[in-house]
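*Asks:* 3D model of this:
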Amino acid sequence: MNRRTFIGNVVVGLLAAPLAARAQKPAMPVIGFLNSGSAALMAADQLRGFRQGLSEAGYVEGRSVVIEYRWAEDQYDRLPQLAADLVGRKVSALAATGGIPSALAAKAATSTIPVVFVMGSDPVKAGVVGSLNRPGGNVTGVSFLINTLGPKRVELLSQLVPRAITIGMLVNPTNPDAETETSDANAALQALGRKLLVAKASTETNIDAAFATLVAQRVGGLAVAGDPFFAGNARHQIIALAARHMLPAIYPFREDPVAGGLSSYGTSLTDAYRQVGVYVGSILKGATPADIPVIQSTKFEFVLNLKTAKALGLTIPQSLLLRADEVIS
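*Replies:* Alright, predicted model coming up:
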């Protein structure tokens with residue numbers, strides 16, 4: 001080999017080394033984000049909370065982790081296929097958000113990829129995990145107790161409209177928790193000497209019909225059940241109908257009175273999604289779902305919108321104003 005050839009080979013080798021190093025650099029982990037609702041209408045605070053939780057664990061979207069999003073657009077029957085698609089892409093972890101249907105679809109789609117759910121009900125009763133402390137298998141997550149707070153919501157609503165004899169409740173019949181939430185709310189109202197009228201809706205058209213029934217039956221107030229559909233595509237429709245029919249209502253999430261609803265009582269969704277992000281980050285670092293207890297989010301918020309109360313001709317009792325965590329004026 002002559003001197004010129006030797007030097008040429010050395011230069012080529014030096015130039016190729018960085019390229020080879022970059023080619024061998026491990027790819028960023030991919031997270032599957034499965035949601036039963038719509039990307040366009042999901043509250044920005046929830047996604048921000050999820051990303052914040054990931055960052056607390058050391059992962060930043062686009063820099064150290066990739067997130068593949070799948071949205072069912074409130075069509076729960078699409079969830080199994082969307083979950084299967086994410087599994088087929090061999091994601092490192094799957095965040096199943098938007099309630100029981102999403103969690104069950106993710107669990108059915110894989111027994112090996114770690115799944116972290118977030119739901120507003122009891123995951124043991126729903127059959128998602130075996131126990132809270134030792135979930136076992138590949139599934140763990142966050143329960144934020146939205147559906148189990150139905151009795152508290154109708155109690156607060158009864159104080160907002162003390163003369164109401166009948167309280168309406170809007171539920172999505174496709175939600176596995178609908179029957180339990182309705183039964184619990186009915187028991188709470190019976191104890192107060194009130195009646196419950198249930199109206200069911202799973203589509204925008206159903207909601208119009210449900211309100212027609214509620215108005216015809218002269219309910220004095222409305223409790224909206226915890227459901228991803230009501231918190232997504234249908235949120236503004238429900239708030240607008242409640243305003244049009246001068247119907248005082250209480251909702252499960254802070255985002256509802258922020259959008260113009262009268263009141264809400266429930267867990268902070270932003271904090272619950274942040275906790276999901278923390279759990280997913282821990283799993284990416286090597287933790288196994290079977291060893292991570294299901295966390296129960298207990299950060300409750302009671303929110304009142306005084307502008308809406310004024311439009312409805314309501315005077316909020318001072319006792320409730322003092323209990324409120326946030327008053328929107």
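*Asks:* quick one, what contacts residue 255?
*Replies:* Under the criterion of C-beta atoms under 8 Å, 6 or more residues apart in numbering, the contact list for residue 255 reads 43, 45, 231, 235, 264, 269. (C-beta placed from N, C-alpha, C; glycine too.)
*Asks:* likewise residue 272?
*Replies:* Applying C-beta under 8 Å, 6+ apart, one finds that residue 272 lies in contact with 49, 118, 142, 144, 297.
*Asks:* Selecting buried members of the residues you listed in PyMOL, what would you type?
*Replies:* To isolate the buried members of the contacts of residue 272 in PyMOL, using 16 or more other C-beta atoms under 10 Å:
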select buried, resi 49+118+142+144+297
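*Asks:* Select from the contacts of residue 272 every entry located in strands.
*Replies:* Residues from those lying in strands, with DSSP state E as the criterion: 118, 142.
*Asks:* Make JSON lines out of the contacts of residue 272 and add pLDDT and distance to residue 219.
*Replies:* Listed next are the contacts of residue 272 as JSON lines, based on pLDDT from 0 to 100; distance: C-beta to C-beta, whole Å:
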{"residue": "49", "pLDDT": "93", "distance to residue 219": "34"}
{"residue": "118", "pLDDT": "94", "distance to residue 219": "31"}
{"residue": "142", "pLDDT": "95", "distance to residue 219": "33"}
{"residue": "144", "pLDDT": "82", "distance to residue 219": "27"}
{"residue": "297", "pLDDT": "76", "distance to residue 219": "31"}
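*Asks:* which one of the contacts of residue 272 is nearest residue 287?
*Replies:* Taking C-beta to C-beta as the measure, residue 142 is the one of those closest to residue 287, at 14.8 Å.
*Asks:* how close does residue 38 sit to residue 235?
*Replies:* 11 Å (C-beta to C-beta, to the nearest Å).
*Asks:* Which one's more surrounded, these two?
*Replies:* More neighbours surround residue 235 than the other of residue 38 and residue 235, with 21 against 16 (other C-beta atoms under 10 Å).
*Asks:* Excluding residues flanking it in the chain, which one is nearest the more buried one?
*Replies:* Counting by C-beta to C-beta, 6 or more residues apart in numbering, residue 235 lies nearest to residue 259, which is 6.1 Å off, once chain neighbours are set aside.
*Asks:* what do you get for residue 327?
*Replies:* Using C-beta to C-beta, 6+ apart and skipping the chain neighbours, the partner closest in space to residue 327 is residue 304 (5.2 Å).
*Asks:* wait, that neighbour sits on residue 315?
*Replies:* No - shown here, residue 304 and residue 315 do not form a contact pair, counting by C-beta atoms under 8 Å, at 11.9 Å.
*Asks:* Counting neighbours, go ahead and name the busier of these two.
*Replies:* Each of residue 304 and residue 315 had its neighbours counted (other C-beta under 10 Å), and the higher figure belongs to residue 304 (26 against 8).
*Asks:* who does that one bridge with?
*Replies:* Residue 304 forms beta bridges with residue 263, residue 327, as assigned by DSSP bridges.
*Asks:* need the contact list for it.
*Replies:* Residue 304 sits in contact with 257, 262, 263, 316, 320, 321, 324, 326, 327, 328, where contact means C-beta under 8 Å, 6+ apart.
*Asks:* Make a ChimeraX selection of the buried ones in those residues.
*Replies:* Selecting only the buried entries of the contacts of residue 304 in ChimeraX, with 16+ other C-beta under 10 Å as the criterion:
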select :257,262,263,316,324,327,328
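*Asks:* Just put the contacts of residue 304 in a markdown table and tack on distance to residue 109 and pLDDT.
*Replies:* Output for the contacts of residue 304, formatted as a markdown table (distance: C-beta to C-beta, whole Å; pLDDT from 0 to 100):
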| residue | distance to residue 109 | pLDDT |
| --- | --- | --- |
| 257 | 36 | 96 |
| 262 | 39 | 98 |
| 263 | 38 | 98 |
| 316 | 46 | 95 |
| 320 | 44 | 96 |
| 321 | 47 | 96 |
| 324 | 41 | 96 |
| 326 | 38 | 95 |
| 327 | 43 | 97 |
| 328 | 40 | 96 |
